[in-house]
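Enquirer: Okay, here's the prediction I keep looking at, along with the sequence it came from:
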Amino acid sequence: MASNVRNPTWRSGAKLREDIETFLSQGLQREEILNFLVRDFPRYAWSLRTLDRRLREFGIHFSDTRISVE
């Protein structure tokens, strides 16, 4: 069984990055994005923490619009 650490093929996955950016542009929350990623990219192990790491590694920033500035 290959893990992402030993086989980091997700880093070269332009489709993965593109899909994450599309989900964010649609205003989806992290939990919703995670559900789509689990469905569309089942070969990777997914969790909210993993999603956060992928966002950082791709240089993508997530803003939770449910939190007010005040």
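Expert: Good, I have the coordinates. Here the structure is a predicted model, which means the values were calculated and not measured.
Enquirer: Just the buried residues of stretch 48-61, please?
Expert: Within stretch 48-61, the residues that count as buried by 16 or more other CB atoms under 10 Å are 51, 54-55. The way it works is simple: take the backbone N, C-alpha and C, and place the C-beta from them, glycine included.
Enquirer: Actually, stretch 32-46.
Expert: Neighbour counts over stretch 32-46 (16+ other CB under 10 Å) mark 33-34, 36-37, 44, 46 as buried.
Enquirer: what's the helix or strand hosting Leu51 packed up against?
Expert: Using DSSP states H and E, Leu51 falls within helix 48-58. If you count contacts as 3 or more CB pairs under 8 Å, 6 or more residues apart in numbering; DSSP states H and E, helix 48-58 packs onto helix 14-25, helix 30-40.
Enquirer: Would you format the buried residues of stretch 48-61 as CSV with distance to Lys15 and pLDDT included?
Expert: Below are the buried residues of stretch 48-61 laid out as CSV (distance: CB to CB, whole Å; pLDDT from 0 to 100):
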residue, distance to Lys15, pLDDT
Leu51, 16, 95
Arg54, 13, 92
Leu55, 16, 92
